[in-house]
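**Student:** sequence first, then the predicted structure:
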Amino acid sequence: MAIEVKNVTKLYGAQKALNNISFEVNSGEVFGFLGPNGAGKSTMMKIITGYIPPTEGEVLVEGLDLVEHSMEVKKLIGYLPEHNPLYLDMYVKEYLDFVAGIYKLDNRKQKVADMIERTGLGVEQKKRIGELSKGYRQRVGLAQALIHDPKVLILDEPTSGLDPNQIVEIRNLITELGKEKTIMLSTHIMQEVEAICDRIIIINNGEIVANDKTENIHSKEKVEKQVVLVEFNSDPASNDLLAIEFVSNVKKAKDNIWVIEASTDKDIREAIFQFAVAKGLSVLSMQRKEKSLEDVFQELTK
């Protein structure tokens, strides 16, 4: 087991940031750690990396207790914080050599060269970090997190503030890293989670509200509902639409086009078609909107 979190609670004075959190992460797994701002994500990551201690509970990384073997555990972890702390006056190669020195790595020059190549920093390696774009600074942050070849990689909002092209580049890099390392990823970009992660944990108000494989997480919504987009040849009355069995809400999107919500897992498209026939209407198009990870996230963290 790469990470074991057992009954962890964290208090900041009277405020409870984490409340009796427990979960496990398998070796070689890429898992998304999601939650709204203030839910406790960064606090949990800082505890796992040894930056702050838990108030209660214990954390094991690769079987080692974080408190009893703190230095050994830190050697096993690579960490990219949300606010990527870099020395902006240092050159890229200079900074990575400095980090390699902290870890007391042998053959530092070669390790730095390998990281520059792996993270695509070659064209920018002779620049000061302060001269780099946000995307390349994130690459430098990833390089420092990887240079000691950790078994566990913890990434807190690694694509925050990047443009779409930079997001794709960093996402591809993380995907490649996930083939050989255990990765804990926190992000607000749901497409990123679905594209990269094997499993998802959702945290809200310091407590876990979902923990499952990515393909199963859509079943965690508290209330089963479906949304159907329908275009009629003319507008029906909204009250008539609300009279259809299981329909809970209707909204007119534009002329003749309606968004119909139903609180059931039963497909209501047949009932809508029968309604149209009874009212003398024609259905020009009808599409059932699939439940997205964003829908589940919003439902679980409201």
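**Tutor:** Received the coordinates, thanks.
**Student:** mind jotting down where the helices sit in the stretch 151-300 of the chain?
**Tutor:** 164-177, 190-196, 238-242, 269-278, 293-301 (DSSP state H, counting those that start in this stretch).
**Student:** looking at those helices, which is nearest to K104?
**Tutor:** Set against K104 and scored by C-beta to C-beta, these come closest in helix 164-177, at 23.1 Å. The way it works is simple: take the backbone N, C-alpha and C, and place the C-beta from them, glycine included.
**Student:** off-centre distance for the closest one?
**Tutor:** 14 Å (C-alpha atoms, centre = their mean, to the nearest Å).
**Student:** what sits against the most centrally placed residue in the chain?
**Tutor:** Geometric centre of the chain, nearest residue: T187, 3.7 Å, by C-alpha atoms, centre = their mean. When contacts are counted by C-beta atoms under 8 Å, 6 or more residues apart in numbering, T187 touches G32, L34, E157, P158, T159, S160, V193.
**Student:** returning to that earlier point: as TSV, the helices of the stretch 151-300 of the chain with mean neighbour count and mean pLDDT would be great.
**Tutor:** Shown next, in TSV, are the helices of the stretch 151-300 of the chain (neighbours: other C-beta atoms under 10 Å; pLDDT from 0 to 100):
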stretch	mean neighbour count	mean pLDDT
helix 164-177	16	84
helix 190-196	18	85
helix 238-242	13	94
helix 269-278	15	94
helix 293-301	18	82
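**Student:** of all the ones you listed, which one is nearest L229?
**Tutor:** helix 269-278 (10.6 Å).
**Student:** packing partners of the closest one?
**Tutor:** The contact analysis (3 or more C-beta pairs under 8 Å, 6 or more residues apart in numbering; DSSP states H and E) places helix 269-278 against strand 226-232, strand 283-289.
**Student:** could you dump the helices of the stretch 151-300 of the chain into TSV with distance to K151 added?
**Tutor:** Shown next, in TSV, are the helices of the stretch 151-300 of the chain (distance: least, C-beta to C-beta, whole Å):
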stretch	distance to K151
helix 164-177	12
helix 190-196	18
helix 238-242	56
helix 269-278	49
helix 293-301	28
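**Student:** so which of those helices comes closest to Q287?
**Tutor:** Between the helices of the stretch 151-300 of the chain, helix 269-278 lies closest to Q287; by C-beta to C-beta that is 9.0 Å.
**Student:** neighbouring contacts of that closest one?
**Tutor:** With C-beta under 8 Å, 6+ apart, helix 269-278 has contacts from 228, 230, 232, 236, 240-241, 244-246, 260, 281-283, 286, 288.
**Student:** what's the angle from that helix to strand 283-289?
**Tutor:** Relative orientation of helix 269-278 and strand 283-289, computed by axes from the mean of the first three to the mean of the last three C-alpha atoms, to 10 degrees: 160 degrees.
**Student:** switch to numbering from 10
**Tutor:** OK, 10 is where the count begins now, so the last one is helix 278-287.
**Student:** from the chain's centroid, how far away is helix 278-287?
**Tutor:** Centroid separation between helix 278-287 and its chain, computed with C-alpha atoms, centre = their mean, is 40 Å.
**Student:** put the alpha carbons of stretch 199-210 into CSV.
**Tutor:** Extracted in CSV, the C-alpha atoms of stretch 199-210 (Å, rounded to 0.1, in the frame of the first residue of the first chain):
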residue,chain,number,x,y,z
MET,A,199,-13.1,17.6,-13.9
GLN,A,200,-12.1,16.6,-17.4
GLU,A,201,-8.6,16.3,-16.1
VAL,A,202,-9.6,13.9,-13.4
GLU,A,203,-11.7,11.7,-15.7
ALA,A,204,-8.8,11.7,-18.2
ILE,A,205,-6.0,10.8,-15.8
CYS,A,206,-7.3,9.2,-12.6
ASP,A,207,-8.0,5.6,-11.8
ARG,A,208,-9.9,6.5,-8.6
ILE,A,209,-11.6,9.6,-7.1
ILE,A,210,-12.0,10.7,-3.5
